[in-house]
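**Student:** Here's a sequence, model it:
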Amino acid sequence: MFRFNSMLKIYFLLIACSSYIYAADHVPDVYGSLKGIVTTDKNRKPVTNAEIAIMPLQLKTTTDSAGYFIFDSLPAGLYSVSISADGYDTLDVPTVQIKAKKNITQEFSLVESKSILSLEKVVVKARLPERNASAVNSTNHFGMYELNNTPAAFNDINRITATTPSALLQSGSDFYSGAIVRGGNPAENVYMLDGFELENLDHFGAIQSSNGVVSFINTSLVKSLDFYTGAFPAEMSPALSAVTSIQFRQGMVERKHQIDLSFQGLGLTTEGPFLKSKGSYLESGRMVNSRFLKYFIDNLPVMPVWGDFIIKSSLQINQDNTINIIAVGASDQIHLYQKDGDFFCGTDVAMTYSQSLGGLSWQYSKDAFVNSLVAYF
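**Tutor:** Here you go, the predicted structure:
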């Protein structure tokens, strides 16, 4: 285990050094752009003439007939976005990050307003942070920005939730991220992916526990995360310590492909529409293969290899019926090498671990909201 942890430290150090060298050699401009589409939360139809405001720059624009808007030449930094339209509740996004020389594309969904307007009086209400209406307390909500920018979390789900007051990581190793909530045990946590339960979210995870090396959930695909440490909503699976509910976002209405390199490995993400924008797909795959290190570093007999994938597809059959398909999987291996003279020879896979989840959900929302789930592990 000591050599395994040492090899992981070397791998993470190489990634960090390569990222630093790249940043030093490529000094970007200080401007970026934000392009988005505003749709309805119920059926993803475009919202026209919606007003978008970027604060504190005091910039405003409106959506076109297809629901699109764009802000060019924005200084790199963090901004809040407010979107309003007649007949819909105002959407306040507290944090949107504009990166230098990057064209940020994002979809914003508005909820139809249920309030009754009156000309006789004006009611002023404070806007509370977004959270599950059935969770009255012991809940922490994480948006897209928090999930991808939490310091020292390496985009790992358990490390992100460990920043809350009621949770911490299991001690003993920097490379195991078992979550302890309110003095409980990592085996007492439950994870939900779009309503489907999954036992463990980590590579090299322990059976019947939340312990592992690093999360195989690509946080760039996650729309929101709700971390419940008590008073769990009725639709959640029973847990003794905590429930982590992850909601994946929909695929963008424009085709987009992205290659990235991070602590979770080399990854490819692709998304876009199909069937004339009635459906959308969102796919991600990542891979880490440390076996090449044997040609550069001596005395590293333990070489981990891991990979993961996420697939989500949504189809809007009509205004009231939606079908969602989700597939998540991870595969882990540890290779043992023996040194014979000046050459490495002989390969033995000492440990293999894999897990997968496939699910189908049907949502009906005409007179009442019905969400039916079918899962395969």
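**Student:** CA only for contacts and neighbour counts going forward, please
**Tutor:** Noted.
**Student:** For the spatially closest residue to residue 223 that is not a sequence neighbour, give its distance to residue 96.
**Tutor:** Sequence neighbours aside, residue 249 is the residue nearest to residue 223 in space, at 4.6 Å (criterion: Cα to Cα, 6 or more residues apart in numbering). Distance of residue 249 to residue 96, computed by Cα to Cα, to the nearest Å: 16 Å.
**Student:** follow-up on the earlier one: list the contacts for the residue nearest to residue 223?
**Tutor:** Counting by Cα atoms under 8 Å, 6 or more residues apart in numbering, residue 249 touches 221, 222, 223, 224.
**Student:** May I have the strands that pair with the helix or strand hosting the last one, each with its orientation?
**Tutor:** Secondary structure assigned from DSSP states H and E places residue 224 in strand 222-228. Pairing partners of strand 222-228, with direction, according to DSSP bridges: strand 139-142 (antiparallel), strand 242-248 (antiparallel).
**Student:** And those: which comes nearest residue 104?
**Tutor:** Among the strands paired with strand 222-228, the nearest to residue 104 by Cα to Cα is strand 242-248 (18.4 Å).
**Student:** contact partners of that closest one?
**Tutor:** For strand 242-248, the external contacting residues (Cα under 8 Å, 6+ apart) are 181, 188-195, 221-230, 232, 236-237, 312.
**Student:** What subset of those residues is buried?
**Tutor:** Neighbour counting with 16 or more other Cα atoms under 10 Å marks 181, 188-195, 221-230, 232, 236, 312 as buried within the contacts of strand 242-248.
**Student:** Surely residue 147 is in a strand?
**Tutor:** No: counting by DSSP: H, G, I helix; E, B strand; the rest coil, residue 147 is located in no strand; its state is helix.
**Student:** Pretty sure it sits against residue 159.
**Tutor:** No: under the criterion of Cα atoms under 8 Å, residue 147 makes no contact with residue 159, lying 10.1 Å away.
**Student:** domain assignment for this structure?
**Tutor:** 25-109, 137-377 (automatic domain parsing).
**Student:** can I get the ones you listed in TSV with mean pLDDT?
**Tutor:** Formatted as TSV, those follow (pLDDT from 0 to 100):
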stretch	mean pLDDT
domain 25-109	86
domain 137-377	83
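**Student:** now what about the helix or strand residue 53 falls within, what contacts it?
**Tutor:** Here residue 53, judged by DSSP H and E, is contained in strand 51-55. Strand 51-55 is contacted by residues 59, 60, 61, 62, 63, 79, 80, 81, 82, 83, 84, 85 when judged by Cα under 8 Å, 6+ apart.
**Student:** Equivalent analysis for stretch 35-49, please.
**Tutor:** By Cα under 8 Å, 6+ apart, the list of residues contacting stretch 35-49 reads 50, 62-71, 85, 103-112, 316, 319-320.
**Student:** Would you mind checking the residues you listed for buried ones?
**Tutor:** So, by 16+ other Cα under 10 Å, the buried ones in the contacts of stretch 35-49 are 50, 62-64, 67-71, 85, 103-104, 107-110, 316.
**Student:** and residue 304, what is it in contact with?
**Tutor:** 4, 289, 290, 291, 332, 333, 334, 335 are the contacts of residue 304 under Cα under 8 Å, 6+ apart.
**Student:** who does the second one bridge with?
**Tutor:** This means residue 289. residue 305.
**Student:** Surely it touches residue 305?
**Tutor:** Yes: in this structure, residue 289 is within contact of residue 305 by Cα under 8 Å, at 4.7 Å.
**Student:** Would you mind telling me which of the two has the busier surroundings?
**Tutor:** Set side by side, residue 289 and residue 305 show more neighbours around residue 305, with 17 against 14, by other Cα atoms under 10 Å.
**Student:** That one is in contact with residue 286, isn't it?
**Tutor:** No: counting by Cα under 8 Å, residue 305 does not reach residue 286; the two are 11.1 Å apart.
**Student:** End to end on stretch 43-56, go ahead and measure it.
**Tutor:** Stretch 43-56: ends 31 Å apart by Cα to Cα.
**Student:** list the buried ones in it?
**Tutor:** Neighbour-count burial for stretch 43-56 [16+ other Cα under 10 Å]: 43, 44, 45, 46, 47, 48, 49, 50, 51, 52, 53, 54.
**Student:** same question, stretch 83-101
**Tutor:** For stretch 83-101, by 16+ other Cα under 10 Å, it's 83-85, 88, 90-93, 95-101.
**Student:** Show residues contacting that stretch.
**Tutor:** With Cα under 8 Å, 6+ apart, stretch 83-101 has contacts from 28-34, 47, 49-53, 74-82, 104, 110-113, 145.
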